[in-house]
Structure formats: C-alpha cells, structure tokens
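Engineer: Need the 3D shape of this:
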Amino acid sequence: MDSLSGTRKPLADIDTIVSTQAQELSEKLQAHRLELFPPAAQKPLRAFQAAEVAKLLGVKSGYLRNLSLEGKGPAPRVTSSGRRSYSAEQLQELRIYLDETGRASRRYRPHRRGGEHIQVIAVVNFKGGSGKTTTTAHLAQHLALTGHRVLAVDLDPQASLSALHGFQPEFDLGPNESLYAALRYDDQRRPLRDIIRRTNFPGLDIVPANIELMEFEYDTPRVLATGEGGATGQDFFARLDQALAAVADDYDTVVIDCPPQLGYLTMAALCTATAVLIPVHPQMLDVMSMCQFLLMLGDVMTHLKNAGGQLRYDWLRYLVTRYEPSDGPQTQMVGFMRSLFGAHVLTHPMLKSVAISDAGITKQTLYEVERRLFTPATYDRAMECLDAVNGEIEQLVHGAWGRS
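Structural biologist: As a prediction, the model looks like this:
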C-alpha cells in the first residue's frame, strides 16, 4: 500500500472527467450569457450623464447645456426632470463637432499627429490576482472615452479580457479567429486586420484570444530549433510587431494583456511594447513573487537584446492594485516600494473596490455599470480612483509624444 495514498483509489479516466466537467461548465456559462444578451445582440453600453461627458471632454456642464439649448451638436436624451445624457457614440460626435467649431489651439480628439509613434503598453506580471486584466480593460476603455483610438490585444489563452468585452472564446471564435491566426508560422497565417473585432465602446477594438494561443508557445521553440520555413530568432521577435504594424495607422494606443507567465507570448509583447506597466498587490507574498518576476524579466530582456530583439521603452511603471489604505502592512509595503523604485511607481494607487468586483460578476467594468446600482459613495470613490490612475497613464502616453 502506498503510504501517501493510503487506501484511496485513484480517479479512473481523469481526462474524461475533466473534459466532461469543462463541457458542462462551458454550456452553463453560455446559458448564463444568453440570459443576459440574446444571440443576435451586442453587449450594450449605458448612457453617460451630461456631467460625465463634460468631464471627459474637459468642458463645463453649462457649456454642454447651452449647446443643447441652441440645437448645436448631437441632441442628448432629456428626462422629464431635465437631466441630459449622451450615448458613447454621441460623445464621439461631440468631439468631432467641437474640433470643427472650437478653437484651433484646442483638440478634443487627441489622435496621434505626424512623427508621434504608436504607444504599445504591455501590462505584465506572472502573479495571479495582481489585477492585470482589470487594469488592462479599464485603461483601454478610459483611453477610448477620452478620444483616443485604441486596440486592446488579449495575449492570454485564458481570454479573460475577451470575455469581459462580450466574446466567449469557445462560442464566439471559430478556428483560426484568435490572435494566434496572426502569429502562426504556417501558411494559414492571417492579417491582423481580419481578426480585429469592434467592442461596445466606440473607438475601442479588440483582438480576442482563445486556447489556440497556446499553440504559439509550442510552435516557437520547435520552429527556432529546426529553422522550419526559414524562421529565425529575428522572425520570432518581430512577429507581433509586424502584425501590429499593418494596422498601426488606425490607432493611437495598443494595450496588451499578457499571460501570467514569461513565455514566448510575453516575450513577443516585450519586443513590441513601447511601455511596460506592472500591476502589483502590496502584500509580502505578492511583492516576493514580483521580485522573482523582475529577476526573470531582467534576465529575459538581456537575452532578447543579445539575440537581436529591439527593446526601446518610453516608460516603465509599477501600479499598486487592490490597495486598502486602512491596512497597516499594505501601507508599509507601498512606502517600501516607493522608497525603492521612486518615480517608477505611479503616484495614484488603485484602491480595492467592491464596485469593481461586483461589476465583474456580470462581465462588466466600472465604466459600463450605472451609478444607481451602487451606493453613491462607493461608486464615486472607485471612479475617482480609476480616473486618477488612468489619467496618470494617459499623461505618460502624451509625454512620450512630446506633448505637455
């Protein structure tokens, strides 16, 4: 008798059990989604109150009200109590209208201009629970709401970013319809433009993922070892970069949700990125994990550079996530990080928020849910925090373009 297993019998046909349970879970998740969204429907997006729109545009609420009363710009929806709201599409229309009729010195669509390179932000950490996908989603949506043309890239085979934007990988993506199609080494490789999907946020597109992406992790070492199809290390480094280059003129920023590991997918993102954002939860185990991650990352970056990879970053920042200011050890850890990394730690931390967690239950972000569904103070606190964090990153993007 095995002293470790005792009298227990091993599970028979474990592969069958796992496959069956996976199928059952997938069907339940699909049924849940169909309850929320009919098959032909797209994920909706709420209307934005006039005060929110004014803040996003950088104008006063009274100015928007006057535009509405004078019949200028898109007509808002007005309730019986006189409250005005705009759809996300109308927010984009307002930007166009203000650019065409406003002062030449002020631009309401902060698109890239000549000589300004596309910003490719890799959100990376191999510690689970660091808030990587949540950070990526809210950053991409914030940039779109503030007038940027944004491409979100789901580089994680778990496809959480895709699911958060309404694309359930096993039902909404057929064979060769994920990012893998643009990275593969055989003759079935497709242009990235064919794979890009629109989201419910105007100005935000997404390259979805599914489990097929794992094939890239298997294909790359084989191809590099055998030279299959004439592939070289340089080809691997440039693969994602080449795919993005074909659509770069359509976007100002690309935000990449990297998988929680330092595999070939993450290395491809690091070779493509112009900026690196590392979310970290300020607890000892998470910081210890980040230490190992940074040691590995530094080693990987050195090898990539020596092998011909181009690593040119405009900025690197650490984002403190799920922070509880009332937690003494967390506060000490944040102070420790700031003393060690200085200005490389974003000034604003992302606070732990019930509102963000609750929104995620229905596969939504805080920008999608309505304020009335939460205690106003809880919602406002989370939104203020989100806007501060994403606004700081937006300033880094503009700074990389040489804008004040």
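Engineer: Let me know the average pLDDT across the longest helix anywhere in the chain.
Structural biologist: Counting residues, the longest helix in the chain under DSSP state H turns out to be helix 376-400. Mean pLDDT, helix 376-400: 94.
Engineer: Setting aside sequence neighbours, what's the nearest residue to residue 175?
Structural biologist: residue 212 (7.5 Å; C-beta to C-beta, 6 or more residues apart in numbering). Backbone N, C-alpha and C define where each C-beta goes, glycine included.
Engineer: burial count for the one you found?
Structural biologist: Residue 212 has 20 neighbouring residues, counting by other C-beta atoms under 10 Å.
Engineer: Can you give me the distance of it to residue 239?
Structural biologist: 15 Å (C-beta to C-beta, to the nearest Å).
Engineer: what's the spacing between residue 243 and residue 191?
Structural biologist: As for residue 243, its distance to residue 191 is 8 Å (criterion: C-beta to C-beta).
Engineer: okay, those two: which has more neighbours?
Structural biologist: Taking neighbours as other C-beta under 10 Å, residue 243 and residue 191 compare with residue 243 leading, 23 against 12.
Engineer: Correct me if wrong: residue 276 contacts residue 122.
Structural biologist: Yes - with contact defined as C-beta atoms under 8 Å, residue 276 counts as touching residue 122 (5.3 Å).
Engineer: of these two, who's got more company?
Structural biologist: Using other C-beta under 10 Å, the more surrounded residue of residue 276 and residue 122 is residue 122, with 26 against 23.
Engineer: next helix or strand past the least confident helix or strand in the chain by mean pLDDT?
Structural biologist: Ranked by mean pLDDT, DSSP states H and E, the weakest helix or strand in the chain is helix 14-36, scoring a mean of 63. Toward the C-terminus, helix 14-36 is succeeded by strand 48-49 as the next helix or strand (DSSP states H and E).
Engineer: how far is that next one from where the chain is centred?
Structural biologist: 23 Å (C-alpha atoms, centre = their mean, to the nearest Å).
Engineer: now for it, which elements pack on it?
Structural biologist: Packing partners of strand 48-49 (3 or more C-beta pairs under 8 Å, 6 or more residues apart in numbering; DSSP states H and E): strand 84-86.
Engineer: same question for the strand it packs on, mean pLDDT?
Structural biologist: 92.
Engineer: residues of the next helix or strand after that strand that come out buried?
Structural biologist: Toward the C-terminus, strand 84-86 is succeeded by helix 88-101 as the next helix or strand (DSSP H and E). Applying a neighbour-count criterion of 16 or more other C-beta atoms under 10 Å, one finds 88, 90-92, 94-95, 97-99 buried in helix 88-101.
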